[in-house]
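Asks: the sequence and its predicted three-dimensional model are supplied below.
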Amino acid sequence: MDTEKMTSPSIGKVKGSMSKLFRGSNDILGVFLILLGLCVVMTFASDNFLSVDNLSSVARAFSFVAIMAIGMTIVIITGGIDMSVGSIFAFAGVITAYCYSDLQLALPLCILLGIIGGAAFGFINGLLINECNLPPFIATLGTMSVARGLSYAITSGFPISMPSSFNKLGQGMIFNIPYPIILMIVLAIIFTFILNKMIFGRHVYAVGGSEEASAISGIKVKRVKLAVYTISGFLSAIAGIIMTARLGVAQSTAGLGYELDVIAAVIIGGASFSGGKGTIVGAILGAAIMGVLRNGLVLLNVSAYWQQTVIGLVIIIAVTIDQLRYKKKA
Amino acid sequence: MSELLRLDGIMKAFPGVKALQDVQFDVRKGEVVSLMGENGAGKSTLIKILAGVYRKDAGTIQFDGRRVEIESPLHSQKLGISVMFQELNLLPNLSVAENIFAGREKGKFGLFDKHGTRKEALRYMNEVGLNCPPNTPVRELSVSQRQMVEFAKALSIQSKLIILDEPTSSLTDREAERLFEIIEKLKRDGVSIVFVSHKMKEVQMISDRVHILRDGAYVGCLEKGEVTEDRIIQLMVGRKLENIFEKAPSAIADEVLAVKGLHVPGKLKNISFSVRKGEIVGFAGLVGAGRTEVMRAVMGIDKRSSGQIFIEGREVHITSPSQAIEHGIGLVPEDRKQQGLVLGLSVKKNISLSALQQLTRIGVLSGTAEDQLADEYINKLSIKTPHRDQRAGNLSGGNQQKIVIAKWLATHPRVLILDEPTRGIDVGAKKEIYTLMSKLARQGVAIIMISSEMPEILGMSDRIIVMHEGEIKGSLDRESATQEKILELALKGA
């Protein structure tokens, strides 16, 4: 009798938290199943897919897009968009390399300056949107071109090689797990925590749901927007610097067109352009889907031209499925 | 004069509200009929039925000797009815000529006949006295000129009946004069006009007859000779007050909020008022009198050009809602869905939205503290929701309003401003909100309530401030306030 009394409330509690977990991750579940299905198909289609080496190289390949997708998710939740991530990605690598090879500064300082440069571009995006009333698409399209142009100008279009001490950042491993993957996981955990457990995260969702209601509720909407674009620039810079280390050279053409992959990953991951909706885990799964697909198409010897076509179709199908699911619920 | 339009037994209901009940209405050929009534009396609904925007639930419409069912805006237009809504229905980037013939473009084989369109447009423009090139884009015209375009359009489709919804509300006196001249001219040409306005002088001047609605019902018609302000007001308010207001007396103490000399260019002039602890102050006035604007300025949403705000005797600087909240002011806005709630967030997250600071330790939100806060207010306000994680957008209007109120109560406000707190809410939830307001007042909160519902204003307020065209025109005590006095101040501003 006593034991019954003691256990029943705790069972209720477990049940409650289970259903809560399910409610929260319902959106992610669908994306996860798509990824899983894709992996199963690939395992049967190609003998080379399911190996530690291949999976690790796939994960490393999409980790850069995934890191940028973390920032993009936060931006898209507020109802915005950031077209400049690919250019900032290149710009940060170029700045770091330039500081090292031309200005001969200490490596850590070079990295710091690269990150600051990227975050500064994000900050400028926020200012343009807040103070000049530019639509996010236009503001970031402008800085996309400016950052890319500066990267070309600084390097005159030539690649800059980096020393091996720096390149470890992109090429090293712990327990056979490449650094970029570890970085992606750490950043995803940190920003998931910020989005779910901190006031700022709540404000991000509120602003995306209704800017007017948020402002009247006392949320400093402009400050939130400034922060999200700065975070996006900051994360793009980190991804860009790690990519530079991975390749051993900084290139002004790095990350050309990445903004589209990043946005696709975020949208496949369940975020909505109308704002208020999206998760970082979803975005990373979205990036993984695109990574696995690219890898699979290579393994299956599909020509590069057809790869583009297939990836485009997958994006359309994934988002359509999500839309249909959402409609059903509403 | 023969009859052009006759409505009989018109009924229209919206979920929870009977907008029109057994309404009759008639217009003769070549006559100007005014339609009057308080906010919410059913004028807009009636117009929209004639415009084909709404379908009536029951009743008959006779137009030009035939019984008709108006099925769509296009059908209404084809019958010969033109409606000029307050927010004019023009395409700003198209030219005057293109607007006049929008939807009936002239041309052959799908090719647009630019020349013919202009030539014909010019004819109608001359008739209404609009002097500008027919290829001027409409966005470059003044409100008055845009109205002329609407008139020209009405003429071009040979309208027999033109309905004007508060056409003079944003016109200067001179422009209004022009408008009346055109109305006179149209009348001579045999066109009938229905004129909806709150402005007594205009109504007296141009109407042949005045039809009056009250609370969705037809109350009577005044002929030209008997149209006086007193008669109109008497008909507009002559209702019995139902008592669903649980107004308990509360101890009114010191002044909490005082506003002095508030100006907002083009909207508000010299607004001064104060609210005391435990007091409910009602803001009455017609829609557009500037009541919402006062509260937006106090809350720091809109910029004021001058004016001081005092909280408990000390001057405070409020330039943003977050500052207003720090000083203990909360606003339950008129537009619940756009401004009050974040519909996509859960009930819990909406309730805690303005009080997150109290729920954090070293910047981290405490899930249990937030759950407790949400449950506390869900219980206190008896918000009907399956669980606290339910999407706020899925609840009924009344429950949504309670969430907005709960959000503010969680900030422990000294002053709570409620803008049309019971709009679109069913009677049961209304009553609960009135009870809640009384309770808050007893607990010492100073309450400001904007309302366009006369019974609500009279039933709940300790004091009533009446606004007219951006100015405060008077303040009435609970004891001395009557519907007639309020309406007189709201209409005439005298």
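Replies: Perfect, I can see it now.
Asks: make it CA atoms for all contacts and neighbour counts henceforth
Replies: Will do.
Asks: is B:Leu4 in a helix, a strand, or coil?
Replies: strand (DSSP: H, G, I helix; E, B strand; the rest coil).
Asks: right, and it touches B:Phe25 too?
Replies: No. If you go by C-alpha atoms under 8 Å, B:Leu4 and B:Phe25 don't touch, sitting 11.0 Å apart.
Asks: get me the contact residues on the stretch 101-250 of chain A for chain B.
Replies: Contacts of the stretch 101-250 of chain A with chain B, taken as C-alpha under 8 Å from any C-alpha of the partner chain, map to A:197-199, A:202, A:205-206, A:209-210, A:212-220.
Asks: quick one: the strands in the stretch 201-350 of chain B?
Replies: Along the stretch 201-350 of chain B, counting by DSSP state E, counting those that start in this stretch, strands occupy B:209-214, B:217-223, B:255-264, B:268-276, B:280-285, B:306-311, B:314-316, B:329-332.
Asks: any idea which residue is closest to the centre of chain B?
Replies: Nearest to the geometric centre of chain B sits B:Val287, at 4.4 Å (C-alpha atoms, centre = their mean).
Asks: what are the phi and psi angles of B:Ser144?
Replies: Main-chain dihedrals, B:Ser144, degrees, to the nearest 10: phi -60, psi -40.
Asks: report the contact partners of residue 281.
Replies: In the absence of a named chain, chain A is used. A:Val281 is in contact with A:28, A:188, A:192, A:269, counting by C-alpha atoms under 8 Å, 6 or more residues apart in numbering or on different chains.
Asks: wrong one, I was asking about chain B
Replies: B:275, B:447-449, B:461-465 are the contacts of B:Val281 under C-alpha under 8 Å, 6+ apart.
Asks: 6 Å instead?
Replies: Counting by C-alpha atoms under 6 Å, 6 or more residues apart in numbering or on different chains, B:Val281 makes contact with B:448, B:461-464.
Asks: which ones among those map onto strands?
Replies: Among the contacts of B:Val281, the residues falling in strands (DSSP state E) are B:448, B:463-464.
Asks: for chain B, which spans come out with low pLDDT?
Replies: Applying pLDDT under 70 to chain B flags the ranges B:1, B:15-17, B:239-244, B:246, B:248, B:493-494.
Asks: send the alpha carbons of stretch B:134-150 over as CSV?
Replies: Below are the C-alpha coordinates for stretch B:134-150, written out as CSV (Å, rounded to 0.1, in the frame of the first residue of the first chain):
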residue,chain,number,x,y,z
PRO,B,134,-5.8,61.1,-65.9
ASN,B,135,-2.5,59.3,-65.9
THR,B,136,-1.5,60.7,-62.4
PRO,B,137,-0.8,57.7,-60.1
VAL,B,138,-3.4,57.6,-57.3
ARG,B,139,-0.7,57.5,-54.6
GLU,B,140,0.2,61.1,-55.4
LEU,B,141,-3.4,62.3,-54.7
SER,B,142,-4.8,63.7,-51.4
VAL,B,143,-7.5,61.8,-49.6
SER,B,144,-10.1,64.3,-50.9
GLN,B,145,-8.9,63.7,-54.5
ARG,B,146,-9.0,60.0,-54.0
GLN,B,147,-12.6,60.3,-53.0
MET,B,148,-13.3,62.1,-56.3
VAL,B,149,-11.7,59.1,-58.1
GLU,B,150,-14.2,56.9,-56.3
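Asks: now B:Phe273: how far from chain A?
Replies: According to C-alpha to the nearest C-alpha, to the nearest Å, B:Phe273 stands 22 Å off from chain A.
Asks: these two touch, right, that residue and B:Val259?
Replies: Yes. At 5.3 Å, B:Phe273 counts as touching B:Val259 under the criterion of C-alpha atoms under 6 Å.
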